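[1] Just need the structure, nothing else, for what follows:
(chains A and B)
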Amino acid sequence: MSHDQIQNLGPWAEAAVPASLSDRKEAQNRLFPILAEKFGATLDPLDRWGLTAVVAKERLRETIFFLRDDPQWSFEVLVDITAVDYLQWPGHEGARFAVVYNLRSQSHVAHRMRVKVWADEEDLDVPSIHDIWKIANWQERETWDQYGIRFVGHPNLKRLLNHHEFVGHPLRKDYPAQRRQKLSMNDPMVDQLEARLRTLGYQLLDSVPESSPMVEDVLKGGR
Amino acid sequence: MKVLSPDGEKLDLFTVNIGPSHPATHGALRSFVALDGEEIIASVGEIGYLHRGFEKMVERGTFNQVLPYTDRLNYCSAIMNNVGFCKAAESMFEAEIPERATTLRVLLCELTRVIDHLVCVAAAMNDCGAQTAYFYFYNPREVVYAIWEKLSGARLTNSFSRIGGLYRDTYEGFEDDVKNAIAECEHGLLEGLSMIEHNRIFIDRTRDVGKISAEQALTWGWTGPCLRASGVNRDLRKDEPYFGYETYDFETVIGTTGDTYDRLICRVYESLESLKICRQALARLKPGPVNSDDPRLRLPPHEATYHDMEALIANFKLVYEGIRPPAGEHFDSIEAVNGELGFFIVSDGSGKPYKIKVRPPCLTQYAAFHEVIEGGMISDAIISLSSINIIAGELDR
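    Residues are numbered from 1 along each chain as shown, chains lettered A, B, ... in the order given. Next up, the predicted model:
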């Protein structure tokens, strides 16, 4: 494809300038002092290969907004959200959980970093960022499911991978891997569909009780 | 379900479950949709039917014992998952691996990419009723699977890579087999492509179906061929080169509209580019070791353990404790078939991983699936699902 044709394709059609590891290190070294000054970020000593900035929960959203919207950094992609349970970490002191936000830039491909916030067992509330990136919705649901971190302001903080009747949070270090649970009922998901219809601008005039007729009803010829 | 639409029209919507257990749902995915006639008005998705607790299981073994689990993430391209995990672990050691191993990894990864794309496109053909094109796309994979069998003894779950190199060197006649496989795959791709690229029926089924704009794709965190089909020229092989990808001559294939047609055709052309890389890698393949001699990563040669005390100790420690990356947290990713496959590894300095989180490329694509299918027909939803290539093993982990 010729260069002229590529010009017509849209803002993202241009190939990026390849980034090396040293480019990334250099960008990270420039970025961190800015984060430290603006948002009181501290360096996470555990990340010895890249940049992980630790910020207070209260300043998470403004930090993320800055990182995404500042044209010099433009971290447009939320790669992943996960949590770490430091319960069995040798010599660990302080909050038990950390929530880790993995960011990447599309405009400057050398830019990658992580943002970390601590969450203590007594206060598992972390502000939700589902409105900043749509994908955060599912990633926060997964983190809630696996670690029990409560994302405040999330519209639908349901389990994502485990069954909705499941009790506990399996990736916590004190959850035994061999524990079995009996799970039987399916999730009707009617509430989610109704919420989705409302988001799309539909007004609901009545409600269906469940998503699929029960087998007994079908056999009896009902519905 | 009676609703009032945004333009004030009273509709009686019919709710129906698409999946979870249906051949067209590629695994066990459930979409609960509200229909007006055959048009999907709203949709919500549910996953987790194949959740096997990958992240919990890997915490119980050593780092090398993670490898067989990674096979089962995206089972259509197991070798690429192996390589992705090994690369993440190796970068924690900042270890160099020998040239033959990197070239072989590139070669195997690109062949894997081709067969994964072949499965995806073939399945999409099947889902829209094009049985002939299906066979042209599907059959060449057998030649590659025969190579996998000779290399690793397994067709699907190869576990071929190791941290610090590869399981073993290739067998005699490997180069000829690969040449044959490249020719077969190219033949299949070109024949299949000629059947669909300008085919009126196929274009009518896929053009402007399941459209996703570049902005939508970015906010949903899309990567890989689905993102490129929306016109975003990003590929980790080009942008953050690893294994010397910057020295290979290949193009990034991008689409214009981000519809189902673009996503499927991009995959075919991307496979042809991958075959280009395979040919170059094959030409570069020089004899040499396939494993690093770094004593932190690989066992010493077996003979040495009989004569050399250090080698015996190293052997003992590596077998009983496993390899021990430095304590810390690290994320590394590769351009896998469906996008960015990342591994977030937390190590406390012992032989067992403290935590490994997979960043599966499928999850971001499937999370946006309701936006892909809303406003379309049920049959459009099926072909859209094939085009975004959801592999449930990696989606649910």
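
[2] From here on, just use CA atoms for contacts and neighbour counts.
    Fine.

[3] Tell me where chain A has helices.
    A:3-7, A:21-39, A:60-69, A:136-147, A:190-199, A:215-220 (DSSP state H).

[4] what's the angle between the third one and helix A:21-39?
    For helix A:60-69 and helix A:21-39, the angle between their directions (axes from the mean of the first three to the mean of the last three CA atoms, to 10 degrees) works out to 140 degrees.

[5] other SSEs contacting the host helix or strand of B:Ala283?
    Per DSSP states H and E: B:Ala283 is located in helix B:260-284. Where contact means 3 or more CA pairs under 8 Å, 6 or more residues apart in numbering or on different chains; DSSP states H and E, helix B:260-284 is packed against helix B:99-127, helix B:174-196, helix B:200-206, helix B:224-229, helix B:378-387.

[6] Pick the most buried one from those helices.
    helix B:224-229 (a mean of 29; mean count of other CA atoms under 10 Å in any protein chain shown).

[7] ok, now which ones touch A:Ala19?
    A:Ala19 makes contact with A:109-110, B:239-241, according to CA atoms under 8 Å, 6 or more residues apart in numbering or on different chains.

[8] quick one, domains of chain A?
    With domains defined by automatic domain parsing, chain A comprises A:3-185, A:188-223.

[9] Quick one: those as CSV, columns for distance to B:Thr247 and mean pLDDT too.
    Converted to CSV, the domains of chain A look like this (distance: least, CA to CA, whole Å; pLDDT from 0 to 100):
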stretch, distance to B:Thr247, mean pLDDT
domain A:3-185, 12, 87
domain A:188-223, 48, 73
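
[10] just the ones you listed: most buried one?
    domain A:3-185 (a mean of 17).

[11] so can I have JSON lines of the helices of chain A showing distance to chain B?
    As requested, the helices of chain A are arranged in JSON lines below (distance: least, CA to the nearest CA, whole Å):
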{"stretch": "helix A:3-7", "distance to chain B": "10"}
{"stretch": "helix A:21-39", "distance to chain B": "8"}
{"stretch": "helix A:60-69", "distance to chain B": "11"}
{"stretch": "helix A:136-147", "distance to chain B": "7"}
{"stretch": "helix A:190-199", "distance to chain B": "6"}
{"stretch": "helix A:215-220", "distance to chain B": "15"}
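
[12] Dump these to TSV, plus distance to B:Glu94.
    Output for the helices of chain A, formatted as TSV (distance: least, CA to CA, whole Å):
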stretch	distance to B:Glu94
helix A:3-7	38
helix A:21-39	12
helix A:60-69	28
helix A:136-147	29
helix A:190-199	46
helix A:215-220	58
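
[13] right, and those - which one's nearest B:Val290?
    B:Val290 lies closest to helix A:21-39 among the helices of chain A, at 24.3 Å (CA to CA).

[14] Now the closest one - C-alpha only, CSV.
    Taking C-alpha atoms only, helix A:21-39 is exported to CSV below (Å, rounded to 0.1, in the frame of the first residue of the first chain):
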residue,chain,number,x,y,z
LEU,A,21,14.1,-0.9,26.0
SER,A,22,16.3,2.1,26.5
ASP,A,23,13.6,4.4,25.0
ARG,A,24,11.2,3.0,27.6
LYS,A,25,13.6,3.5,30.5
GLU,A,26,14.3,7.0,29.4
ALA,A,27,10.6,7.9,29.2
GLN,A,28,10.0,6.3,32.6
ASN,A,29,12.8,8.3,34.1
ARG,A,30,11.3,11.5,32.8
LEU,A,31,7.7,10.6,33.9
PHE,A,32,8.3,9.5,37.4
PRO,A,33,9.4,12.9,38.9
ILE,A,34,6.3,14.5,37.3
LEU,A,35,4.0,11.9,39.0
ALA,A,36,5.8,12.3,42.3
GLU,A,37,5.4,16.1,42.2
LYS,A,38,1.8,16.2,41.0
PHE,A,39,0.3,13.3,42.8
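
[15] what's that helix packed up against?
    Checked by 3+ CA pairs under 8 Å, 6+ apart, helix A:21-39 has strand A:112-119 packed alongside it.

[16] What pairs with the strand it packs on, parallel or antiparallel?
    In the sheet, strand A:112-119 lines up against strand A:52-54 (parallel), strand A:97-104 (antiparallel) (DSSP bridges).

[17] and the shortest one, how far from the chain's centre?
    I take that to be strand A:52-54. Put simply, strand A:52-54 sits 16 Å off its chain's centre (CA atoms, centre = their mean, to the nearest Å).

[18] Can you list the neighbours in contact with that strand?
    Residues contacting strand A:52-54 (CA under 8 Å, 6+ apart): A:32, A:35, A:41-44, A:113-118.

[19] Turn those into a markdown table, columns for distance to B:Ile79.
    Listed next are the contacts of strand A:52-54 as a markdown table, based on distance: CA to CA, whole Å:
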| residue | distance to B:Ile79 |
| --- | --- |
| A:Phe32 | 37 |
| A:Leu35 | 39 |
| A:Ala41 | 39 |
| A:Thr42 | 38 |
| A:Leu43 | 35 |
| A:Asp44 | 33 |
| A:Met113 | 27 |
| A:Arg114 | 28 |
| A:Val115 | 31 |
| A:Lys116 | 32 |
| A:Val117 | 35 |
| A:Trp118 | 36 |
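
[20] Identify the residues contacting residue 84.
    This is for chain A. Here A:Val84 is in contact with A:97-100, B:355 (CA under 8 Å, 6+ apart).

[21] Can you look at chain B instead?
    B:333-334, B:336, B:341-343.

[22] Okay, and which of those map to helices?
    Per DSSP H, the contacts of B:Gly84 never map to helices.

[23] farthest pair in these?
    The most distant members of those, if one measures by CA to CA, are B:Ala336 and B:Phe343, lying 12.0 Å apart.

[24] Comparing the two, which shows the higher neighbour count?
    B:Ala336 (27 against 23; other CA atoms under 10 Å in any protein chain shown).

[25] Can you say which of the helices and strands packed on helix B:260-284 is nearest to B:Lys150?
    The nearest among these, by CA to CA, is helix B:174-196 at 8.8 Å.

[26] what's in contact with the closest one?
    B:114, B:118, B:133-134, B:136-137, B:139-141, B:143-144, B:147, B:202-203, B:265, B:268, B:271-272, B:275, B:278-279, B:282.

[27] Next: stretch B:72-81.
    B:70-71, B:108-109, B:112-113, B:115-116, B:119, B:156-161, B:336-337, B:341, B:391-395, B:397.

[28] mean confidence score for it?
    Averaged across stretch B:72-81, the pLDDT comes to 89.

[29] Likewise for stretch B:11-23?
    The model assigns stretch B:11-23 a mean pLDDT of 81.

[30] Ok, stretch B:84-92 next?
    91.

[31] Now do stretch A:160-172: distance from first to last residue.
    16 Å (CA to CA, to the nearest Å).

[32] That stretch and chain B in contact?
    Yes. Looking at stretch A:160-172 against chain B by CA under 8 Å from any CA of the partner chain, the contacts come from A:160-163, A:170-171.

[33] list the contacts for B:Ser386?
    Contacts of B:Ser386 (CA under 8 Å, 6+ apart): B:26, B:120-121, B:123-124, B:127.

[34] Can you give me the distance of it to B:Trp220?
    For B:Ser386, the distance to B:Trp220 - CA to CA - is 18 Å.

[35] same check, this time on B:Phe135
    Following CA to CA, the distance that separates B:Phe135 from B:Trp220 is 33 Å.

[36] Those two: which has the busier surroundings?
    B:Trp220 (26 against 16).

[37] what's the closest non-adjacent residue to B:Pro140?
    Excluding the flanking residues, the one nearest B:Pro140 by CA to CA, 6 or more residues apart in numbering or on different chains is B:Cys185, at 5.2 Å.

[38] do B:Ala89 as well
    B:Ile163 (6.7 Å).

[39] Could you check how many residues crowd around that neighbour?
    Neighbours of B:Ile163 using other CA under 10 Å come to 25.

[40] quick one, what contacts it?
    B:64, B:86-87, B:89-90, B:297-298.
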